[in-house]
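Novice: model this:
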Amino acid sequence: MSHHQLYKPAAFISEEPVVTGLLNQALRNQISLLNQQPATSVTLQQSFLAIAEQALTEDRDTALAAKLFVDAYEQAMKVLGQAQLHEAEMTTQYINQHGLVMSVLNCTTTIKDVHRNTCFYKGLFELINDLLQRDSQINIVYPACGPFAPLLLPILLYMDQKKIISPDKVRISLVDIQLGAVKSLKLLVNKLQLNDYIDGIYEADAALFKGDKAFDIFIAEAFQHGFSKEAHLSICKNFASQLSHHGVMLPCKVMVNAALVNCQREYIEQFQQPQSDAVNLVLNQDILNERVELGNILTLDRHSLLTLDIVALGEQQVVRCNTVSIPQTATDACERTLVLYAEVMTYNGHWLQQYQSGITHPLPLFSVCIDFVPKGTAVDDLLLTAKDKIAFYYKLTGLTGFLPTKADEEVHHGAN
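Specialist: Model (predicted):
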């Protein structure tokens, strides 16, 4: 058997638009690496400290914050360049049984997400301080952390520099399935002089990883808008069962809601208004009020993750979520599109709201057709009337994401 026969190109088992978009982004990222200059430890540390300090500042300069996060990204990318990864280690992307495994390069941009990182830094800073009031040592795990562990390392460095924490008080485990991410992390942690905090940097599937101790905090990184494609739910479910008695998932709560919107108003006209800056996006409340809110379809927290209603469908698994009704007042449902949007609370009331981050952008489900039949039907079109109830399930396997169904189409299942 030839080498080509042995190779299974799992990286390309996907929907064509997904593959094309991710490939384009990977190429852009590789081009940006060509002329990178080596990062110095001082500059890298300064850039990471700067974004943590900005996040914890009450009266933030939003324009400055955006620049500082880009600076941190550029410094981190220089470290990635120094890691001298092979092309496959940088760009391999595939779908395993739990969802899409992003390439190392496509995981690098999280560190530029100003609102998302700020919300996590505030929450993590307060959470670590709160837990240290009770425990002499806390164990933190960050699964699917990518090459930069961006939701943790800047605030860890800040708290270390301010003498708020020490390696005898805080222990860190980092987990990623990509060998390239592990290599980058080891170099990055060394340059940040945070080695003494690290219990291990593990190359492992975060949906299956089992630690040798209970964790007090686990940080959930693998998010896409609409809770789609990646292994979010499987990873969270795995680590929720490994938390200590008082352990905390960060974010503490993720709420996914459904609504019917006018796409022209929601996605185009809403953003035609002048904006004072690119970071503090001002949404049009009148347009938001035009939505037909259908309600919550899934709320994730530590408790709900341990009590998921998992339905077995042969080799596939889905989670039974909530059922919603279309209000009788929605007389124009045929002109609207079903969208899903997430709202994320990291800790202590720090909320990441709609459109503030890529993970909270409303995701349109164009395959759901209410009170109309599309001219060109697709195999997965769901034809509904405004009188139907919509029952939601979440696909745990393959390309993950929510599956809307007509409520009276009962899903029969085997053992959980």
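
Novice: low-confidence ranges in the protein?
Specialist: Per-residue confidence for the chain (pLDDT under 70) gives these ranges: 1-23, 25-27, 29-42, 222, 274-280, 409-416.

Novice: Identify the residue nearest the geometric centre of it.
Specialist: For the chain, the residue nearest the mean C-alpha position is F223 (1.6 Å; C-alpha atoms, centre = their mean).

Novice: contacting residues for that residue?
Specialist: 230, 232, 342, 344, 359 (C-beta atoms under 8 Å, 6 or more residues apart in numbering). Backbone N, C-alpha and C define where each C-beta goes, glycine included.

Novice: measure the first one to D61 for me?
Specialist: Spatial separation of E230 from D61 under the definition C-beta to C-beta, to the nearest Å is 33 Å.

Novice: do the last one as well
Specialist: Using C-beta to C-beta, I359 is found at 24 Å from D61.

Novice: Stretch 363-375: which residues count as buried?
Specialist: Using 16 or more other C-beta atoms under 10 Å as the test for burial, stretch 363-375 gives 363-365, 368-371.

Novice: Tabulate the residues you listed (a markdown table), appending distance to S103 and secondary structure.
Specialist: Below are the buried residues of stretch 363-375 laid out as a markdown table (distance: C-beta to C-beta, whole Å; DSSP: H, G, I helix; E, B strand; the rest coil):
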| residue | distance to S103 | secondary structure |
| --- | --- | --- |
| L363 | 21 | strand |
| P364 | 25 | strand |
| L365 | 26 | strand |
| V368 | 30 | strand |
| C369 | 34 | strand |
| I370 | 37 | strand |
| D371 | 41 | coil |
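
Novice: Do I have it right that D216 meets N139?
Specialist: Yes. Judged on C-beta atoms under 8 Å, D216 makes contact with N139 at a distance of 5.3 Å.

Novice: which neighbours do these two share?
Specialist: S244.

Novice: circling back: export the buried residues of stretch 363-375 to TSV and tack on distance to Q45?
Specialist: Output for the buried residues of stretch 363-375, formatted as TSV (distance: C-beta to C-beta, whole Å):
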residue	distance to Q45
L363	37
P364	42
L365	44
V368	49
C369	53
I370	53
D371	58
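
Novice: Looking at the residues you listed, which two lie furthest apart in space?
Specialist: Spatially, the most separated pair among these is L363 and D371, at 21.3 Å (C-beta to C-beta).

Novice: circling back: give me the more crowded residue out of E230 and D61.
Specialist: Shown here are E230 and D61; by other C-beta atoms under 10 Å, E230 has more neighbours (22 against 13).

Novice: Could you report the distance from that one to A50?
Specialist: According to C-beta to C-beta, E230 and A50 sit 29 Å apart.

Novice: so where do the helices sit in this protein?
Specialist: With DSSP state H as the criterion, the chain has helices at 3-6, 16-33, 41-56, 62-82, 87-91, 114-132, 153-161, 179-191, 232-240, 263, 285-289, 302-306.

Novice: Now flag whichever of the buried residues of stretch 363-375 is closest to H115.
Specialist: L363 (17.6 Å).

Novice: hey, what's the closest one bridged with?
Specialist: Note on L363: beta-bridge partners by DSSP bridges are L340.

Novice: show me what contacts it?
Specialist: Counted by C-beta under 8 Å, 6+ apart, L363 has contacts 225-226, 228, 339-341.

Novice: Count the neighbours of the closest residue to N129 other than its chain neighbours for me.
Specialist: Leaving aside its sequence neighbours, N129 sits nearest to I164 (C-beta to C-beta, 6 or more residues apart in numbering; 7.2 Å). Applying other C-beta under 10 Å, we find 14 other residues in the vicinity of I164.

Novice: I'd assumed Y393 was in contact with T405.
Specialist: Yes. The pair T405 / Y393 is scored as a contact, 6.5 Å apart, by C-beta under 8 Å.

Novice: Stretch 82-96: how far from the chain's middle?
Specialist: In terms of C-alpha atoms, centre = their mean, to the nearest Å, the centre of stretch 82-96 is found 20 Å from the chain centre.

Novice: scratch that, stretch 115-127 is what I was asking about
Specialist: Relative to its chain's centre, stretch 115-127 lies at 14 Å (C-alpha atoms, centre = their mean).

Novice: quick one: contacts of it?
Specialist: Stretch 115-127 has contacts (C-beta under 8 Å, 6+ apart) with 51-52, 54-56, 60, 65, 69, 110-111, 150-152, 154-155, 158-159, 217, 219, 248, 250-252, 279, 344, 346-348, 350-352, 356-359.

Novice: what's next to stretch 43-61, contact-wise?
Specialist: Against stretch 43-61 from outside (C-beta under 8 Å, 6+ apart): 64-65, 68-69, 71-72, 74-76, 78-79, 117-118, 121-122, 125, 153-155, 157-158, 161, 188, 191-193.

Novice: how does it look with 7 Å?
Specialist: Applying C-beta atoms under 7 Å, 6 or more residues apart in numbering, the contact partners of stretch 43-61 are 65, 68-69, 71-72, 75, 79, 117-118, 121-122, 125, 153-155, 157-158, 161, 191-192.

Novice: Kindly report the same for stretch 169-180.
Specialist: For stretch 169-180, the external contacting residues (C-beta under 7 Å, 6+ apart) are 85, 89-90, 101, 104, 128, 132, 136-147, 149, 182, 185, 197-206, 209, 211.

Novice: Can you say which of those are buried?
Specialist: If you count burial by 16+ other C-beta under 10 Å, the buried members of the contacts of stretch 169-180 come out as 85, 89-90, 101, 104, 128, 132, 138-147, 149, 182, 185, 197-199, 201-202, 205-206, 209, 211.

Novice: Could you count how many residues lie near A220?
Specialist: Neighbours of A220 using other C-beta under 10 Å come to 26.

Novice: so it makes contact with V248?
Specialist: No. A220 is beyond contact range of V248, at 11.0 Å (criterion: C-beta atoms under 7 Å).

Novice: any idea which of the contacts of L363 is the one closest to N262?
Specialist: Minimum distance to N262 across the contacts of L363 is 10.6 Å, recorded for V339 (C-beta to C-beta).

Novice: Save the helices of the chain as TSV, and put in distance to T385 too.
Specialist: TSV is the format used below for the helices of the chain (distance: least, C-beta to C-beta, whole Å):
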stretch	distance to T385
helix 3-6	50
helix 16-33	29
helix 41-56	47
helix 62-82	45
helix 87-91	45
helix 114-132	38
helix 153-161	50
helix 179-191	47
helix 232-240	30
helix 263	20
helix 285-289	25
helix 302-306	31
